[in-house]
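In: Need coordinates for the below:
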Amino acid sequence: MIKILGISGSLRAASYNTALLRAAVPLVGPGAQLDTATLHGIPLYDGDLEQSEGTPAAVRALKDKILASDGLLLVTPEYNNGVPGVFKNAIDWLSRPTPGLPDVFRDRPVAVIGASPGGFGTIMSQTHWLQVLRTLGTRQWHGGRLMVSRAGSVFGTDGAVQDEKVLAQLGEFVQGFAASLK
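Out: Here you go, the predicted structure:
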């Protein structure tokens with residue numbers, strides 16, 4: 001069974017990106033499993049805290065989930081044409097060495113999708129992630145692209161994807177990523 005870990009880069013309860021990640025779970029297809037994670041509980045990166053207390057429990061728990069996966073799906077918002085600070089902060093923590101654990105990013109397959117209320121989806125955020133992921137040594141998957149724009153019309157008030165075209169694109173994306181991990 002292929003295991004993918006999806007991480008939503010938003011802390012909001014009604015986040016379009018968290019909703020997009022939830023919608024992807026049943027679409028991943030046979031022979032694959034998509035688990036989800038959040039960034040809740042991860043403190044702001046502080047080298048002094050790291051030195052005095054080590055890796056925070058929330059960071060270590062997320063590292064363990066990443067290490068148990070075959071691939072990583074980043075579901076990114078776009079804030080001011082860039083990567084959200086809370087998501088970048090988590091990646092910065094995750095990239096730090098933790099005694100007893102291997103590097104969680106080196107050679108790990110990673111795919112990026114996102115949703116935004118704006119007209120251009122998350123094109124700028126996804127582009128910024130390419131530089132970060134390259135620096136971390138990930139294997140970026142380029143077999144598909146998904147940038148959900150005008151998210152307010154794509155998701156219902158219950159958070160479910162109500163646009164059948166977007167749902168089909170999401171299914172195609174996650175199934176393609178899962179197939180690349182076999």
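In: The residue in the chain sticking out farthest from the centre in helix, strand or coil?
Out: If you look at how far each residue of the chain sits from its centre, by CA atoms, centre = their mean, the farthest one is residue 52, at 28.9 Å. Taken by DSSP: H, G, I helix; E, B strand; the rest coil, the conformation at residue 52 corresponds to helix.
In: In contact with it, which residues?
Out: Contact analysis of residue 52 by CB atoms under 8 Å, 6 or more residues apart in numbering lists nothing. The C-beta positions use only the backbone N, C-alpha and C, and glycine is treated the same way.
In: at 10 Å instead, please
Out: Neighbour list for residue 52: residue 46 [criterion: CB atoms under 10 Å, 6 or more residues apart in numbering].
In: Next: residue 21.
Out: Residues near residue 21 by CB under 10 Å, 6+ apart: 6-10, 15, 34, 36-38, 73-75, 113, 115, 170, 174.
In: rerun that using 6 Å as the cut-off
Out: By CB atoms under 6 Å, 6 or more residues apart in numbering, the contact list for residue 21 reads 6, 8, 36, 75.
In: out of those, what pair is the most spread apart?
Out: Largest separation among these by CB to CB: 36 and 75, giving 8.9 Å.
In: quick one: common contacting residues for those two?
Out: 6, 21.
In: what about residue 88, how many neighbours?
Out: By the measure other CB atoms under 10 Å, the count of residues near residue 88 is 17.
In: How about residue 135?
Out: 10.
In: gap between residue 111 and residue 157?
Out: 28 Å (CB to CB, to the nearest Å).
In: The two: who's more crowded?
Out: A direct count of neighbours by other CB under 10 Å for residue 111 and residue 157 places residue 111 higher, at 28 against 7.
In: Show me what the helix or strand the more buried one falls within pairs with in its sheet, parallel or antiparallel.
Out: Assigned by DSSP states H and E, residue 111 falls within strand 109-115. Under the criterion DSSP bridges, strand 109-115 sits next to strand 71-75 (parallel), strand 139-140 (parallel), strand 147-148 (parallel) in its sheet.
In: List the buried residues for that strand?
Out: By neighbour count with 16 or more other CB atoms under 10 Å, strand 109-115 contains the buried residues 109, 110, 111, 112, 113, 114, 115.
In: What's the local residue count around the closest residue to residue 40 other than its chain neighbours?
Out: Closest residue to residue 40 apart from its sequence neighbours, by CB to CB, 6 or more residues apart in numbering: residue 11 at 6.4 Å. Residues lying near residue 11 (other CB under 10 Å) number 15.
In: pLDDT wise, what is residue 11 at?
Out: pLDDT recorded at residue 11 is 96.
In: would you say it is within a strand?
Out: No - with three-state DSSP as the criterion, residue 11 is located in coil rather than a strand.
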